[in-house]
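A.B. asks: predicted model and sequence follow; I will ask about them next.
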Amino acid sequence: MIQRLRTSDEGFAEKLAKVLQVDSSQTVEIRDIVAGILVEVRQGGDAALLAFTSKFDGFEASTIAELEVSKERLRKAFENIEPPVRDALQASADRVLAYHQKQQDALGGGAWSYEDENGNQFGQLVRGLSRVGIYAPGGKASYPSTVIMTAIPAKVAGVNEIILVVPTPGGEVNETLLAAAHLVGVDRVFTIGGAQAIAALAYGTETISRVDKIVGPGNIYVATAKQMVFGDVGIDMVAGPSEVVIIADDSANLDWLVMDMFAQAEHDEMAQAILVSWDDELLDRVSALVEKSLQETPLSRKDIIRQSIVSRGALIKVGNVEEAMQVVNQIAPEHLEILLQDPEPALGMVQNAGAIFVGNQSSEVVGDYTAGPSHVLPTAGTARFASPLGIYDFQVRSSLIRCSEAGAVKLNRDAAILAREEGLDAHAESAEFRVQG
């Protein structure tokens, strides 16, 4: 049921590209729909948001105030959820906070400067963004973990205000998500989703303040809207379907391995799970175990898993670990699991991957919830140039230049020469004034 590829087969590159390809047949239609929503919210503000909330979420409200969740409501959600759930949220938040505080320390934590031999001072100022918008998905699944994984790095980075938007079809809210928002100190929460929520964050309305940056995953309408508002507002990334690539040898626990593939596949039908190995017998056993597990294991999202595995999953036979890593770096996966007896050589060859999980005990699921690094990761091959969400996504940096009277002479003299070469006479005059005193 799951397709098999071999790097030794003719046309392997084309076959792999086909497996990785995401259907874009609806792209033009979706962009047109999203463009209309963006324009209406930008022009109509709160009234347009109310109309779209009624149309898409089936929830009637007369004012945006009815869609804002109070801090008292968030606190009650946190107090009233089941104690084991509350404890798990707290443990997740504590680990994410610890990780990103260490990230802040490793980056230097703030401004830096130095003085040259002429008394000129140079450096950099580092500040948290003023206001950030977080989109937490709803619909097929609700993700309190996304609130933790986005809001905590923003807080550590020094963001002044965090606005959370979340779709609530039929007006139903997820109590654990509200509890997570309380736990991490989100400032305002609105039960609004889709492209209209992105428009509200990007442009502002009478009730919702315009943000500096929007982060968090969403469906294709949300991703398209983020792409289209970029430039008016910052974004973290345009996220595609979630994905995992697993490299394994005969030391791997195959029951665990298959369930890791299922865990990725259950996100949605376009999610992707790929296994790479040079062991034919292992690939045969996994293929059989995938079918057996889908038939016998009680999973609530089994139909979604099956469709994802059939349409986008793959087992790839390679010649050796070097060839396996070539395939991995070509795919540039969001998640990479290295399930090898000796993982270090493969780890040393990783060039492109969002998050790397080493060894049988390191399930991708702990990365989703409790490991510490943010689970917002580059997808669809963008790990070639993009990084996991971190505190650096919530900070802006300003170069600092402070010239001494004596030190400015040399700098301005050379600057004037270069400006004349470029035909910028006013630039040259500006510099020469300082040389001449």
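C.D. replies: Ah, there it is.
A.B. asks: quick one: the host helix or strand of residue 311 to chain centroid distance?
C.D. replies: Assigned by DSSP states H and E, residue 311 falls within helix 302-312. Centroid separation between helix 302-312 and its chain, computed with C-alpha atoms, centre = their mean, to the nearest Å, is 23 Å.
A.B. asks: tell me which element the nearest residue to residue 331 once chain neighbours are set aside is part of?
C.D. replies: Counting by C-beta to C-beta, 6 or more residues apart in numbering, residue 245 is the residue found nearest to residue 331 once chain neighbours are left out, at 5.7 Å. Yep, even glycine has a C-beta here, placed from its N, CA and C like the rest. Following DSSP H and E, one finds residue 245 within strand 243-248.
A.B. asks: swap in residue 333?
C.D. replies: Per DSSP H and E: residue 333 is located in neither a helix nor a strand.
A.B. asks: against residue 325, how distant is it?
C.D. replies: 12 Å (C-beta to C-beta, to the nearest Å).
A.B. asks: between the two, who's got more neighbours?
C.D. replies: Legend: neighbour count by other C-beta atoms under 10 Å for residue 333 and residue 325, higher for residue 333 (28 against 23).
A.B. asks: pLDDT score for residue 435?
C.D. replies: For residue 435, the model assigns a pLDDT of 89.
A.B. asks: over to residue 398?
C.D. replies: Residue 398 is assigned a pLDDT of 92 by the prediction.
A.B. asks: check contacts around the residue nearest to residue 331.
C.D. replies: Residue 245 makes contact with 274-276, 328, 331, 333, 335-337, 353, according to C-beta atoms under 8 Å, 6 or more residues apart in numbering.
A.B. asks: residues in a beta bridge with it, which ones?
C.D. replies: residue 274, residue 336 (DSSP bridges).
A.B. asks: relative to residue 88, how far out is it?
C.D. replies: From residue 245 to residue 88 the distance is 28 Å (C-beta to C-beta).
A.B. asks: ok, the closest residue to residue 157 other than its chain neighbours - contacts?
C.D. replies: Spatially, and ignoring its direct neighbours in sequence, residue 157 is nearest to residue 394 (3.6 Å; C-beta to C-beta, 6+ apart). With contacts defined as C-beta under 8 Å, 6+ apart, residue 394 is in contact with 128-129, 132, 153-154, 157-159, 213.
A.B. asks: take those and keep only those in helices.
C.D. replies: Applying DSSP state H to the contacts of residue 394, the entries found in helices are 153-154, 157.
A.B. asks: can I get those in JSON lines including distance to residue 79, pLDDT and neighbour count?
C.D. replies: Output for the ones in helices among the contacts of residue 394, formatted as JSON lines (distance: C-beta to C-beta, whole Å; pLDDT from 0 to 100; neighbours: other C-beta atoms under 10 Å):
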{"residue": "153", "distance to residue 79": "26", "pLDDT": "96", "neighbour count": "30"}
{"residue": "154", "distance to residue 79": "24", "pLDDT": "97", "neighbour count": "27"}
{"residue": "157", "distance to residue 79": "28", "pLDDT": "94", "neighbour count": "23"}
